[in-house]
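Chemist: give me coordinates for this.
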Amino acid sequence: MNKRTPSANGYLTMKEACRRLGISPRTLLRKEKSGDIPPLPRDPQNGYRRFTEEDILRLQLILSS
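Modeler: Reported below is the predicted structural model:
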């Protein structure tokens, strides 16, 4: 799968999102827990975090400031 293309369901997984953001999943979760970033979106069916292209752009802006 091309790392620029979302999964078949249209969402990026935590691993894919972190690869795009250039940070580890642990760092992203730590930033969420500390309140540095807003709560991460979750799939209502399984509770997994999932990301759209919009989420990635928003997180890039937040993380770069």
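Chemist: low-confidence ranges in the chain?
Modeler: 1-8 (pLDDT under 70).
Chemist: hmm, 90 instead?
Modeler: 1-10, 41, 43, 65 (pLDDT under 90).
Chemist: CA atoms only: put stretch 38-45 into PDB for me.
Modeler: In PDB, the C-alpha atoms belonging to stretch 38-45 read as follows (Å, rounded to 0.1, in the frame of the first residue of the first chain):
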ATOM      1  CA  PRO A  38      -7.300  17.500  21.000                       C
ATOM      2  CA  PRO A  39      -8.700  14.000  21.600                       C
ATOM      3  CA  LEU A  40      -7.900  11.700  18.700                       C
ATOM      4  CA  PRO A  41     -10.800  10.400  16.600                       C
ATOM      5  CA  ARG A  42     -11.900   6.800  17.200                       C
ATOM      6  CA  ASP A  43     -13.900   4.200  15.300                       C
ATOM      7  CA  PRO A  44     -17.100   3.800  17.200                       C
ATOM      8  CA  GLN A  45     -17.300   0.100  16.400                       C
END
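Chemist: find the centremost residue of the chain, please.
Modeler: Compute the mean C-alpha point of the chain, and by CA atoms, centre = their mean the closest residue is residue 17, 4.3 Å away.
Chemist: that one in helix, strand or coil?
Modeler: helix (DSSP: H, G, I helix; E, B strand; the rest coil).
Chemist: for it, give me its contacts.
Modeler: With contact set as CB atoms under 8 Å, 6 or more residues apart in numbering, residue 17 has these partners: 28, 49, 51, 55-56, 59. (C-beta placed from N, C-alpha, C; glycine too.)
Chemist: next up, the contacts around residue 15.
Modeler: residue 25.
Chemist: how far away is it from residue 65?
Modeler: 24 Å (CB to CB, to the nearest Å).
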